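Visitor: build the 3D model from these lines:
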Amino acid sequence: MAEHSSSAANGDICVIVPTIREYECLREYVANAREHGFDVSRLHFVLVTEDFCDVEEMRAMLDDLDVSGEVFDGTRREEWYEANGVAEYGHVVPAASHAETSFGLLYMWADDSFEYGIFIDDDTLPHEDEDYFGRHMENLAFEGEIERVSSDERWVNVLYQNADEHGLYPRGYPYSAMDETVETDAVEVEGGEVVASQGLWTNVPDLDAVRILMDGDLEGQAQTRTTADDFGEDFVAARGNYLTVCSMNLAFRREVIPAFYQLPMDDNEWEVGRFDDIWSGLFLKRASDVLDRRIYNGGPLCEHNKAPRSTFDDLANEVAGLELNEHVWEVLDDVADDADSFEAVFDEMADALAEGDFEEWNNGAFLNHCGEYMRDWLDCLDGIQRTPAIADD
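Guide: Numbers count the residues shown, from 1 in each chain. Okay, the predicted model is just below:
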């Protein structure tokens, strides 16, 4: 039987999976690790779910797979906050939102044994021919020469390599930065410089609702699909250039957690949703640029099997934040030039958003709201007591 405890046991990798329905995908990821000889004892799985979900079935699956892990529904998250001395900060992680991945970050922060984190969405599967976990770890340890991408719009389309064929821009890419002129060269990366590894996706591309509608799809997916042939060499975005960061297939070093908060989407009075990982990626890229670090992009690919749903529902969730998304990066780009840590960069970004005047943009006050929550995020990290969490029974 697997040990369900707050300890990482022998594991140094915390695998965070927000899930309501498709948690069985983990069977494929664990099988992939074993087939490729990856040491499964390094992995500790944290499933972030809701009280109305099959919590006992999720725990039984972890037992059946003989892996270390815990399952946190809403009730158990509240108990965890209490046990770790941060009950007053439970609001920083919104309920029933993809941004619940932030709880996984708090969980990691409370346990020093975790050196790395991996986000996996439950509607993805690993590619059988690729060592999923091994590749992410190799990317984080990468040193050597790699392709560097930039554009005259200061934005890099992570799907740029075959964009002349498919014409796709990923969710979160600003409309004002489209039709960019792409430039590539090579850059030397030192060991330890890579702080995040973003794996890209085949099958259903990660697009926003407007672009899905333009692609003629009313079921939230996209008529145009991606295959492994759409992706070439792995790459980094040049300093001073931004990119979309999608948390469906992403590994990162522990040290970025203070600057990787997934914002309080969905449950807010402005009804802004769907930008939690996108904006956290802006925080991470700005901090990485300031601190001379890198975000690695490319493999391992995952197969994204997004379930059909109304494109118009997604549009309703996104439209409140679309104008803000055009400008958030510009606000962040002006601060923290001399900061010396991920926490220090994030602290300055939090102040810029909390205290800024954004009235000229639709729902601009939401950015002030985010800034206040970002401050609470740092206070929560500071307040976590590294004490045993309650038993997962």
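Visitor: using the three-state scheme, assign residue 201.
Guide: strand (DSSP: H, G, I helix; E, B strand; the rest coil).
Visitor: please apply the same query to residue 94.
Guide: Assignment for residue 94 (three-state DSSP): coil.
Visitor: please name the nearest non-neighbouring residue to it.
Guide: residue 267 (4.3 Å; CB to CB, 6 or more residues apart in numbering). From N, CA and C alone the C-beta is placed, and that goes for glycine too.
Visitor: how far is the helix ranked longest in the chain from where the chain is centred?
Guide: Taking DSSP state H as the assignment, the helix of the chain that covers the most residues is helix 365-383. In terms of CA atoms, centre = their mean, to the nearest Å, the centre of helix 365-383 is set 18 Å apart from its chain centre.
Visitor: now swap in stretch 74-94 and tell me
Guide: 21 Å.
Visitor: and what of stretch 148-158?
Guide: That offset, for stretch 148-158, works out to 20 Å (CA atoms, centre = their mean).
Visitor: that stretch: which residues count as buried?
Guide: Buried positions in stretch 148-158, judged by neighbour count with 16 or more other CB atoms under 10 Å: 148-151, 153-158.
Visitor: just the ones of these in helices?
Guide: Per DSSP H, those never map to helices.
Visitor: from those, which single one is nearest residue 35?
Guide: For the buried residues of stretch 148-158, the minimum distance to residue 35 (CB to CB) is 27.4 Å, reached by residue 158.
Visitor: pretty sure that closest one contacts residue 244?
Guide: Yes. With contact defined as CB atoms under 8 Å, residue 158 reaches residue 244; the gap is 6.0 Å.
Visitor: name the residues contacting each of those two.
Guide: Shared contacts of residue 158 and residue 244, defined by CB atoms under 8 Å, 6 or more residues apart in numbering, are found at residue 170.
Visitor: quick one, what contacts residue 362?
Guide: Per CB under 8 Å, 6+ apart, neighbours of residue 362: 320, 322-324.
Visitor: ignore what I typed, I meant residue 233.
Guide: Taking CB under 8 Å, 6+ apart, we find residue 233 in contact with 146-147, 298.
Visitor: and the helices in the stretch 151-300 of the chain, which stretches?
Guide: Assigned helices in the stretch 151-300 of the chain, in chain order: 163-166, 209-214, 276-290 (criterion: DSSP state H, counting those that start in this stretch).
Visitor: give me whichever of those helices is most buried.
Guide: Ranked by mean neighbour count, the helices of the stretch 151-300 of the chain are led by helix 276-290 with a mean of 25 (mean count of other CB atoms under 10 Å).
Visitor: quick one: average pLDDT of that one?
Guide: Averaged over helix 276-290, pLDDT sits at 97.
Visitor: and the angle from it to helix 365-383?
Guide: Going by axes from the mean of the first three to the mean of the last three CA atoms, to 10 degrees, helix 276-290 is angled at 70 degrees with respect to helix 365-383.
Visitor: elements contacting helix 276-290?
Guide: strand 194-203, strand 242-243, strand 294-304, helix 328-332, helix 342-355 (3 or more CB pairs under 8 Å, 6 or more residues apart in numbering; DSSP states H and E).
Visitor: counting by contacts, list what the last one packs against.
Guide: So that's helix 342-355. Checking 3+ CB pairs under 8 Å, 6+ apart, helix 342-355 ends up next to helix 276-290, helix 328-332, helix 365-383.
Visitor: repeat that with 6 Å
Guide: helix 276-290, helix 365-383 (3 or more CB pairs under 6 Å, 6 or more residues apart in numbering; DSSP states H and E).
Visitor: will you turn the ones you listed into JSON lines that also has distance to residue 342?
Guide: JSON lines is the format used below for these (distance: least, CB to CB, whole Å):
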{"stretch": "helix 276-290", "distance to residue 342": "5"}
{"stretch": "helix 365-383", "distance to residue 342": "10"}
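Visitor: out of these, which gets nearest to residue 178?
Guide: Across these, closest to residue 178 is helix 276-290 (CB to CB), at 15.7 Å.
Visitor: what sits up against the closest one?
Guide: Applying CB atoms under 6 Å, 6 or more residues apart in numbering, the contact partners of helix 276-290 are 98-99, 172, 239, 242, 244-247, 259-260, 262-263, 265, 295, 328-329, 332, 336, 339, 342, 345.
Visitor: of those, buried ones?
Guide: Members of these classed as buried by 16+ other CB under 10 Å are 98-99, 172, 242, 244-247, 259-260, 262-263, 265, 295, 328-329, 332, 336, 339, 342, 345.
Visitor: which residue packs closest to residue 90, ignoring adjacent ones?
Guide: Nearest residue to residue 90, sequence neighbours excluded (CB to CB, 6+ apart): residue 81, at 4.7 Å.
Visitor: any buried residues in the host helix or strand of the one you found, and which?
Guide: For residue 81, the enclosing helix or strand under DSSP states H and E is helix 74-83. Within helix 74-83, the residues that count as buried by 16+ other CB under 10 Å are 74, 76-77, 80-81, 83.
Visitor: find the centremost residue of this structure, please.
Guide: Residue closest to the mean C-alpha point of the chain, counted by CA atoms, centre = their mean, is residue 247 at 2.7 Å.
Visitor: what sits against it?
Guide: 101, 119, 277.
Visitor: how far away is it from residue 309?
Guide: 19 Å (CB to CB, to the nearest Å).
Visitor: can you count the residues close to residue 293?
Guide: 22 (other CB atoms under 10 Å).
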